[in-house]
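> Below are the sequence and a predicted model for it; my questions follow.
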There are 2 protein chains.
Amino acid sequence: MAENDKSSVVGVDLGGTKILAGVFDEKLNCLAKTKLSTKAVRGVEAVIERIARCVRDAVDEADLNLKQVRAVGIGAPGASDPQSGTVLFAPNLPGWTDVPLKKLLEKELSVPVFIENDCNIQALGVHEKELKGRPRHMVGIFLGTGIGAGLILEGKLYSGFNRTAGEIGHMVLEVGGPKCGCGNKGCFEALASRTAMFKRIQAAVKEGQKTLLTEMLGPGLEDMRSGDLRKAIRRGDKFVEKVVEEAAEYTGIAIANVINLLNPEVVVVGGGVMDALEDEMLAIIVETAHDYAMEGTAKDIEIIASKLGDDAGITGGAVLARRNSK
Amino acid sequence: MAENDKSSVVGVDLGGTKILAGVFDEKLNCLAKTKLSTKAVRGVEAVIERIARCVRDAVDEADLNLKQVRAVGIGAPGASDPQSGTVLFAPNLPGWTDVPLKKLLEKELSVPVFIENDCNIQALGVHEKELKGRPRHMVGIFLGTGIGAGLILEGKLYSGFNRTAGEIGHMVLEVGGPKCGCGNKGCFEALASRTAMFKRIQAAVKEGQKTLLTEMLGPGLEDMRSGDLRKAIRRGDKFVEKVVEEAAEYTGIAIANVINLLNPEVVVVGGGVMDALEDEMLAIIVETAHDYAMEGTAKDIEIIASKLGDDAGITGGAVLARRNSK
């Protein structure tokens, strides 16, 4: 690749615990990626410096230099204003209120930077790379520690009045249900996120429930991950199977709510939980969603799992960078 | 008005029980309106004939003739395809599957006809007449016998893949809650519609609950209407007050779900229940919605009651007619 060939872009996924950066070519192939912990407690400036370092490392890993990078696209948690390049607020990043991320990062990298909300950017990555930009209306739902969504309506990212659209994790599905981190009860996130499943398992174990997970991880269930649930289920743990099934059912109901309200052509489910538990969850999600969605409304609507996994964010970041720097 | 002045349009609201038609001038002032029962059981052809009669009567009432009408806009329940002018399916109108309403009505009236979903058209009426077309993103929620919504996103009516977007009445708010007409449990409509409130009251009365409503309407609660609930509350009936309060709370939660997901600038609540019980419900709806919506997300979002009442549909029909016949 020539020194002055600027066909590469970098996508960044800024999370509460880790930063991912990926270098992509014109065809959205990933040339290299790097990961760094966020260290959010060190403050805004330190995190910006870490994002820049992660980008530099990825570019170097791809045998390129920053001068060959056309633009950087970054997904940040919380609400962002893509126009001004500002992170408005990010509950998972202490101190991140009205942070001019675009400006600060451009100063560090001398490359144009574009920002968006993290779930929006994941949806963008899935829409462009996995679905070839086909569906006019798509909802991407990402199941992880928390639950979020990105909406593509009329072919475009939809972000709403305060640029916070897609907060599906706090859709109440069960009035009076389990307490959520947001202070309310019965939110989708409090019923079906990784956190919700882990809490249910931990509470049951405390009350004497037997599970292979304590054999695998010790009585304190240290460092439990979604993959451990999959392993326990495959080894025949009916209790863990039931917990995961229930989370899948709630996910199906949330998707039915979205189908009834927004009638998208495709609903894509992604995130760490889906990556680990697709075989255990997807069929139940699809069946429950069709059970609860109105007849006629759900006709020919696809509900699928994303194959992009952790790469959805960096891929979407690359799409954002590419679109804005053409 | 000159014989050949075609500045008037007619808006029609086709419901499961009644047909409303209104004649509007260029400034969306209503010149005359008429009402006819739908008589849906008599079949599609008979209903079309009744719609045509209702339109003719309204035009005559306004001292005009059909030749002076530029276009007719009609809101039909269920899913409609505005492009082909077809009612795709309408659960409340027996036999209405793939009915070419536009074509059939144009044959009867010799005036261009345009169709849309009834809740979409109500939202359009509210957006254009009450809010002067201002909010870029607006959700109109209509509380009546059932509950539906119309979405205006990016300044335009949003209808989704199967043209059924806005089925908010079947958003599950309480998994395992009261049974809904759709076959599921815990839908918004089964918790907060007029039907839901009446069912709760009737069931409680059967179990010995005392209420002024039995004094007012007799022990069978014949012909109970939303206005009766208002009267009972104003006369101090704490039981009815509680039923209405709970419906308002569920409505607030549903609105919070919509705010979290779609982040509209304005949420307008209309329909017969709101017309009758605005003073009793609106403050509770607003408070609950802000309680349940994410901080930051609900910032500066207005939740208001529509003043258009029953006229929302015919007004929206007029807007549709006007837009399509310019």
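Great, that's in hand.
> Chain B contacts on the stretch 101-250 of chain A?
A:136-137, A:149, A:151, A:153-154, A:156, A:158-168, A:170-177, A:182, A:184, A:186, A:250 (Cβ under 8 Å from any Cβ of the partner chain). No exception for glycine: its C-beta is placed from N, CA and C like everyone else's.
> Is there a quick ChimeraX command that grabs whichever of the residues you listed are buried?
Buried members of these, defined by 16 or more other Cβ atoms under 10 Å in any protein chain shown, are picked up in ChimeraX with:
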select /A:137,149,151,153,158,159,160,161,162,163,164,165,166,167,168,170,171,172,173,174,175,177,182,184,186,250
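> quick one: contacts for the residue of the stretch 101-250 of chain A found nearest chain B?
With Cβ to the nearest Cβ, the shortest gap between the stretch 101-250 of chain A and chain B falls at residue A:160, namely 2.7 Å. Shown in contact with residue A:160 (Cβ atoms under 8 Å, 6 or more residues apart in numbering or on different chains): B:137, B:262-264.
> Over to residue A:115?
A:73-76, A:80, A:82, A:85-87, A:101-102.
> if we can go back for a sec, and the contacts of residue A:160, which of them are in strands?
Within the contacts of residue A:160, no residue falls in strands by DSSP state E.
> List phi and psi for residue A:41.
phi -60, psi -20 (degrees, to the nearest 10).
> Once you drop chain neighbours, what's closest to it?
Spatial nearest neighbour of residue A:41, chain neighbours left out: residue A:94 (6.6 Å); criterion: Cβ to Cβ, 6 or more residues apart in numbering or on different chains.
> so the one you found sits right up against residue A:40, yeah?
Yes. Assessed by Cβ atoms under 8 Å, residue A:94 is found in contact with residue A:40 at 5.8 Å.
> out of the two, which sits in the more crowded spot?
More crowded of residue A:94 and residue A:40, by other Cβ atoms under 10 Å in any protein chain shown: residue A:40, with 21 against 14.
> ok so, going back, mind checking which of the residues of the stretch 101-250 of chain A next to chain B land in strands?
Among those, DSSP E puts A:149, A:151, A:153, A:156, A:158 in strands.
> What are the neighbouring residues in contact with the fourth one?
To tie it back to what came earlier, the one meant is residue A:156. Residue A:156 makes contacts with residue B:154, as judged by Cβ under 8 Å, 6+ apart.
> Quickly note the distance from it to residue A:167.
19 Å (Cβ to Cβ, to the nearest Å).
> Name the spans of chain A whose pLDDT lies under the cut-off.
A:1-4 (pLDDT under 70).
> in it, which spans are strands?
So, for chain A - with DSSP E - the strands run A:8-14, A:18-24, A:30-37, A:69-76, A:79-81, A:86-89, A:97-99, A:113-117, A:138-143, A:147-153, A:156-158, A:266-270, A:302-305.
> mind listing what the last one pairs with, with the direction of each?
In other words, strand A:302-305. strand A:266-270 (parallel) (DSSP bridges).
> related to what we said a few turns ago, burial check on the closest residue to the residue of the stretch 101-250 of chain A closest to chain B other than its chain neighbours, number of neighbours?
Nearest non-adjacent residue to residue A:160, counting by Cβ to Cβ, 6+ apart: residue B:263, 2.7 Å away. Neighbour count of residue B:263, defined by other Cβ under 10 Å: 28.
> what do you get for the one 4 residues further on?
Look at residue B:267: counted by other Cβ under 10 Å, it has 26 neighbours.
> Next one: it from chain A, what distance?
Separation of residue B:267 from chain A (Cβ to the nearest Cβ, to the nearest Å): 11 Å.
> what sits opposite that residue in the beta ladder?
Partner residues in beta bridges with residue B:267, using DSSP bridges, are residue B:139, residue B:303.
> which ones are touching it?
B:138-141, B:255, B:258-259, B:289, B:301-304.
> Buried by neighbour count, from those residues: which ones?
Counted by 16+ other Cβ under 10 Å, the contacts of residue B:267 give B:138-141, B:255, B:258-259, B:289, B:301, B:303-304 as buried.
> Chain A: which of these is nearest?
Lowest distance from chain A to the buried ones among the contacts of residue B:267 (Cβ to the nearest Cβ) belongs to residue B:301, with 6.4 Å.
> Show me how far stretch A:230-239 is from its chain's centre.
Taking Cα atoms, centre = their mean, to the nearest Å, one finds stretch A:230-239 lying 26 Å from the centre of the chain it belongs to.
> Quick check: the residue nearest to residue A:22 when sequence neighbours are not counted vs chain B, distance?
Take residue A:22 and drop its neighbours on the chain: the residue closest to it by Cβ to Cβ, 6+ apart is residue A:314, 3.5 Å away. Separation of residue A:314 from chain B (Cβ to the nearest Cβ): 25 Å.
> ok, now residue A:66?
For residue A:66, the distance to chain B equals 34 Å [Cβ to the nearest Cβ].
> try residue A:20
From residue A:20 to chain B the distance is 25 Å (Cβ to the nearest Cβ).
> Repeat that for residue A:93.
13 Å.
> which residues sit in contact with the nearest residue in space to that residue that is not next to it in sequence?
Leaving aside its sequence neighbours, residue A:93 sits nearest to residue A:40 (Cβ to Cβ, 6+ apart; 5.0 Å). Residues near residue A:40 by Cβ under 8 Å, 6+ apart: A:16-17, A:47, A:92-95.
> redo that, cut-off 10 Å
A:14-17, A:46-47, A:50, A:77, A:90, A:92-96 (Cβ atoms under 10 Å, 6 or more residues apart in numbering or on different chains).
> who wins for neighbours among those residues?
Result: residue A:14 is most packed of the contacts of residue A:40 (other Cβ under 10 Å), 30 neighbours.
> Surely that one touches residue A:52?
No. Counting by Cβ atoms under 10 Å, residue A:14 sits too far from residue A:52 to count as a contact (11.6 Å).
> Quickly list what's touching both of these two.
Common neighbours of residue A:14 and residue A:52 (Cβ under 10 Å, 6+ apart) are residue A:21.
> Can you list the buried residues in stretch A:25-41?
A:30-34, A:36, A:38, A:40.
> Now do it: distance from first to last residue.
Using Cα to Cα, to the nearest Å, the end-to-end distance of stretch A:25-41 comes out at 34 Å.
> got it, and stretch A:212-232?
6 Å.
> Contacts for it next, please.
Outside of stretch A:212-232, the residues within contact range by Cβ under 10 Å, 6+ apart are A:143-145, A:194, A:197-198, A:201-202, A:205-206, A:211, A:233-241, A:243-244, A:247, A:271-281.
> any idea how far stretch A:199-206 is from the chain center?
From the chain centre to the centre of stretch A:199-206 is a distance of 26 Å (Cα atoms, centre = their mean).
> what does stretch A:83-94 give?
For stretch A:83-94, the distance to the chain centre is 16 Å (Cα atoms, centre = their mean).
> and what of stretch A:22-35?
Stretch A:22-35 sits 18 Å away from the centroid of its parent chain (Cα atoms, centre = their mean).
> Ok, stretch A:186-205 next?
On the basis of Cα atoms, centre = their mean, stretch A:186-205 sits 18 Å off its chain's mean C-alpha point.
> Endpoint to endpoint, it covers what distance?
Terminal residues of stretch A:186-205 are spaced 22 Å apart (Cα to Cα).
> Tell me the buried residues in it?
A:186-198, A:200-201, A:204-205.
> Among the residues you listed, which lie within helices?
When those are checked against helices (DSSP state H), the matches are A:188-192, A:194-198, A:200-201, A:204-205.
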